[in-house]
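S.K.: Quick check, what structure comes out for this input:
(chains A and B)
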Amino acid sequence: MPRPTNDELVARWKGEPAPLLPLLHAFHARDGHLSEDALRAVSAGLRIPIADLFGTVTFYHHFSRDAGGFDRPRVCNGPVCSMRGAEVLVASLRAAGHDPMTMPCPGRCDEPVPVIHRGTVLTGRTAGTLVSEPSPLPPTPPDGVEECVFAGIRRAGRATLAGYREGDGYEALTRAVTAMKPEQVIEEIDRSGLAGRGGAGFPTGRKWRAVADAPGEPKTIVCNADEGEPGCFKDRVLMDHDPHGTIEGMALAAYATGAVRGFIYLRYEYPETFEILEGAIAVAEAAGLLGDGILGTDFSFRLMVRRGAGAYICGEETSLLNSLEGGHPFPRNRPPFPVTHGFENLPTVVNNVETLASAPPIIVHGAEWYRGLGRGDHAGTKVISLSGDIARPGNYEVPIGLPLRELLHDWAGGPPHGRTIQAVTMAGLSGGFLAGADLDVTLDEPSIRSKHSFLGAGGIMVFDDSRDMIRVTRESMEFFAEESCGKCFPCRIGTQRLVERLEGKGPATLDAWVDEVTDLNEVMKKTSACGLGQAAPLLTESLIRYFPDPVREHVAASGNAAGAPPAARLGPDDAGPPEKG
Amino acid sequence: MKRNGTATTNGAPRPEGAPRTKGVQLTMTLDGEKVAFTRGETVYEVAERHRREIPTLCYDPRLDPFGGCRLCVVELEGARNPVASCTTKAEPGMRVRTRSAALEVQRRILMEMVASENRDTDVDPMHGYASQEMAELLDRYDARTGRFEGALSGTSRPDDDNPFIKRDYENCISCYRCVRVCAEQEGDYAISVMNRGFHTQITTEFGGLLKDSACTFCGQCIQTCPTGALGDLKALANKDVPGETETTRTICPYCGVGCTVDVMTRGEKIVGVLPAMDGPANEGALCVKGQFAFDFVGHPDRLATPFIREDKSGQLRPASWDEALDFAAGKLRRVVKDHGRRAVYGIASGRAPHEAAYMMQRFIRAGLGTNHIDNCSRA
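M.R.: Predicted structure coming up:
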């Protein structure tokens, strides 16, 4: 294929919805980086001020502005991969003649260490042993556990249309468009108790109804597949091995709300998933399950995939919408909410992959069935991505309300031999740590929130008793500092200051250190504009709560480094922060 | 950045006292006091109308509310966390507290954090109109404690040798007022935000110089900057001129728009120009000429007497006012006599004041008897 010209690339995307990201990716792939010439062509073609476009391109981790940048291998430096030797892999790649760079967690924690090289995901521990393989299937659950979104995922051929249809595939959509009113679909989802599985937990039926009732057209369904939370890789397995489940869920949401267009906003780090989704959408369109006149009715729904470019904040739904629209991906101020002012300021459903994939089984089996999958009073299931120091890492679809220890020990085989579990994270990194007696929680929001944390998107990383929790916290906080968008002061400055204090650069007395860190925690939790800044301090808060001795040793060591007598810097008689005015 | 669908408050009439609305009077509770508001007003606007003096750093009343600095947070009954009052619309029945011990602690910590990222916390007021905002809040919250010490943010651009705008980003707090005023008020989109988090940096396209960007050097970014990260180089060149700065409210002499300005003087010397935020024609806006081009007033090359061009030699020679006016009047009379009154056409200078323009048209119409009169500002 001849190298496309600037004009050809611009012409290819100019008339399409949400054209900026795919156009930038096209230039990035053609040139190996985003040159000034390319950005000027995009600016002129899409009528975006060049300064704005330049600033926005620099926001994304994976867009390179330097020649050859696209060819640089990107190595995960997330908490789990860091424990598994990411630094060794970086050195190995460098020795093999590459120019590696690090990247935040690309969602392959069940199979460390992942590398993205020229748009392909590889895994391995050294440059010579990297392989490209499909993402791992979820481990089999214990006998007698009924699943919802994973029920058919391990069957061979499930990712094909024929394989999907061997189960109940597209049965829900067929039933909906031929025998149900949109309101009946919403009613069924509402009664099932399904709530946002991306972490926010907003009732899905209520969201769909709000969009159905909102004035303004066209309406849009956005699938949030920007699974950026470190330690979360559940949406990837759902889309890789059961893409039609998500597609059918989106079509159901569109039918229920009256939407005519949909986007899957897929994170950059899942290139294989992009191919799988594009293929599945084409097949579904050809089969009359998407596009115009679905299943012979007058219901039409056009579905498109848009790839992000490496920005955790784009998993926040209003940042995602700004990114999709081609704007700077700062979060929006809310209200108004996306249900009334979403994509292009029109009513929009933004749902997580797992949420959407839950909808078809609910319509087929009924709301009561789904409610009954939970334990006790809890409705439904939740996929937990489990990784770190655990015998069988992977994605587990658990009944909501399952005791955490049951998952860790009975389902996943417990910590490595001879080790004990020191701490686990919740909500990927966003929920901070649970440790000690607090590991007795059940996997549901009320239980976990009572321990000052939250379940969120369901990523749990396990750290055994050999791990340095100060280092784990520092590397985790470095992630939030790297990913802070820079819009609001408490998060932009606070994440940086917490990293510095975890690096040993803060006050050298324990009281002053704890005083500053606690103040930063509180202000970030209370005044940050979005969930990133509100959640990041849960790391340092739980560190101080569960690990006072390592904190004390850490501050004492930094005191030594600063050249002060350590004895004067510790203990209850310490005078406190001398510099406080 | 501003696509949140919130109706802007720009241009909405700012109610004085208790506003009236059609039908039912909307009310909310502010610090225990029942107050009226009009639909579309933000909690911040209602609170400021009632003189609550809520602190802000990213707020400029001319711009869309941004919600970045979080200093304006207030406690809203029923909300888990404090909310930014600048981005929260007033709603009937809302119960809001603008001051509490907890809020004041949060604001103080935020100010300590802001102070920790800058090289300087105090800058010369000649930097610009809003340049003292941060320093004043640091004083108000007693926040010069040195806590949260760490890396400084921002990279200054001493390499940008433009004569008007100082780009000293080591004093930048990333409130983005400059970027927003450039886009929302000027429509120039010359500057933007690059990178993320603590590494955000105000930039032009490709990080270049202002003269190579879409910048028109209107100086609006300087005047909205709350820290002096951006500074008025023309005014700063005069910062050591002795004497107290006096300001004189006047109209910009350059064109027919009639922008209101506050001219700063020390003794007889003009040391700088500030835009008047309450100027009816400009509401704080100025262009490069009104903002920066005041050197001509005291320039040695400026003409001090009239000149007459000699018929024979074509050379200019100094003349007295009486002589020059008699000469001009004689020539005009001659033209009218020889060619008729319609042979004369008057164009008034846009730089002349309104009264002079009036006199000019009287002179052309009544004095010379023609309606051939215009003003260059129409061009």
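S.K.: Looking at the one residue in the stretch 301-450 of chain A that gets nearest to chain B now. What's its pLDDT?
M.R.: Residue nearest to chain B within the stretch 301-450 of chain A: A:His341 (3.3 Å; CB to the nearest CB). Bear in mind the C-beta positions are built from the backbone N, C-alpha and C, glycine included. Per-residue pLDDT puts A:His341 at 98.
S.K.: Look at it and tell me its secondary structure.
M.R.: coil (DSSP: H, G, I helix; E, B strand; the rest coil).
S.K.: measure it to A:Leu532 for me?
M.R.: Applying CB to CB, to the nearest Å, the value for A:His341 to A:Leu532 is 21 Å.
S.K.: Let me know how buried the residue of the stretch 301-450 of chain A closest to chain B is, in neighbour terms.
M.R.: 23 (other CB atoms under 10 Å in any protein chain shown).
S.K.: what's the distance between it and A:Leu321?
M.R.: For A:His341, the distance to A:Leu321 - CB to CB - is 9 Å.
S.K.: do the same with A:Phe274
M.R.: Distance of A:Phe274 to A:Leu321, computed by CB to CB: 20 Å.
S.K.: ok, those two, which is more surrounded?
M.R.: Shown here are A:Phe274 and A:Leu321; by other CB under 10 Å, A:Leu321 has more neighbours (30 against 20).
S.K.: okay, the helix or strand where the more buried one lies in PDB with CA atoms only?
M.R.: Per DSSP states H and E: A:Leu321 is located in helix A:317-324. What follows is helix A:317-324, C-alpha atoms only, in PDB (Å, rounded to 0.1, in the frame of the first residue of the first chain):
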ATOM      1  CA  GLU A 317     -16.200   9.600  32.100                       C
ATOM      2  CA  THR A 318     -16.200  13.400  31.500                       C
ATOM      3  CA  SER A 319     -12.500  13.300  30.600                       C
ATOM      4  CA  LEU A 320     -13.300  10.500  28.300                       C
ATOM      5  CA  LEU A 321     -16.000  12.500  26.600                       C
ATOM      6  CA  ASN A 322     -13.600  15.500  26.100                       C
ATOM      7  CA  SER A 323     -11.000  13.100  24.700                       C
ATOM      8  CA  LEU A 324     -13.500  11.600  22.300                       C
END
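S.K.: quick check: angle from the next helix or strand after that helix to helix A:317-324?
M.R.: Using DSSP H and E, the helix or strand that follows helix A:317-324 towards the C-terminus is strand A:348-352. Orientation of strand A:348-352 against helix A:317-324 (axes from the mean of the first three to the mean of the last three CA atoms, to 10 degrees) gives an angle of 110 degrees.
S.K.: mind checking the SS state of A:Thr102?
M.R.: strand.
S.K.: How is chain B divided into domains?
M.R.: B:26-99, B:118-237, B:242-302, B:307-378 (automatic domain parsing).
S.K.: a markdown table please, covering those and showing mean neighbour count.
M.R.: Formatted as a markdown table, those follow (neighbours: other CB atoms under 10 Å in any protein chain shown):
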| stretch | mean neighbour count |
| --- | --- |
| domain B:26-99 | 20 |
| domain B:118-237 | 21 |
| domain B:242-302 | 16 |
| domain B:307-378 | 13 |
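S.K.: Let's have those in JSON lines, adding distance to chain A and mean pLDDT.
M.R.: Output for the domains of chain B, formatted as JSON lines (distance: least, CB to the nearest CB, whole Å; pLDDT from 0 to 100):
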{"stretch": "domain B:26-99", "distance to chain A": "4", "mean pLDDT": "97"}
{"stretch": "domain B:118-237", "distance to chain A": "3", "mean pLDDT": "98"}
{"stretch": "domain B:242-302", "distance to chain A": "18", "mean pLDDT": "94"}
{"stretch": "domain B:307-378", "distance to chain A": "29", "mean pLDDT": "92"}
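S.K.: Now do the helix holding A:Leu321: distance to the chain's middle.
M.R.: 14 Å (CA atoms, centre = their mean, to the nearest Å).
S.K.: Quick check: mean pLDDT of it?
M.R.: Per-residue pLDDT values over helix A:317-324 give a mean of 98.
S.K.: Counting by contacts, list what it packs against.
M.R.: strand A:220-225, strand A:261-266, strand A:348-352 (3 or more CB pairs under 8 Å, 6 or more residues apart in numbering or on different chains; DSSP states H and E).
S.K.: For the ones you listed, please prepare CSV with the additional fields mean pLDDT and distance to chain B.
M.R.: Below are the helices and strands packed on helix A:317-324 laid out as CSV (pLDDT from 0 to 100; distance: least, CB to the nearest CB, whole Å):
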stretch, mean pLDDT, distance to chain B
strand A:220-225, 98, 14
strand A:261-266, 98, 16
strand A:348-352, 98, 11
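S.K.: Turn the ones you listed into CSV, columns for mean neighbour count and distance to A:Leu538.
M.R.: Shown next, in CSV, are the helices and strands packed on helix A:317-324 (neighbours: other CB atoms under 10 Å in any protein chain shown; distance: least, CB to CB, whole Å):
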stretch, mean neighbour count, distance to A:Leu538
strand A:220-225, 28, 22
strand A:261-266, 24, 26
strand A:348-352, 28, 20
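S.K.: what domains does the record give for chain A?
M.R.: Domain assignment for chain A by automatic domain parsing gives A:6-59, A:72-129, A:161-371, A:381-467, A:470-569.
S.K.: does the fourth one come close to chain B?
M.R.: Pointing back at domain A:381-467 there. No - residues of domain A:381-467 are not located near chain B by CB under 8 Å from any CB of the partner chain, the shortest gap being 11.4 Å.
S.K.: Endpoint to endpoint, that domain covers what distance?
M.R.: For domain A:381-467, the separation between the terminal residues is 31 Å (CA to CA, to the nearest Å).
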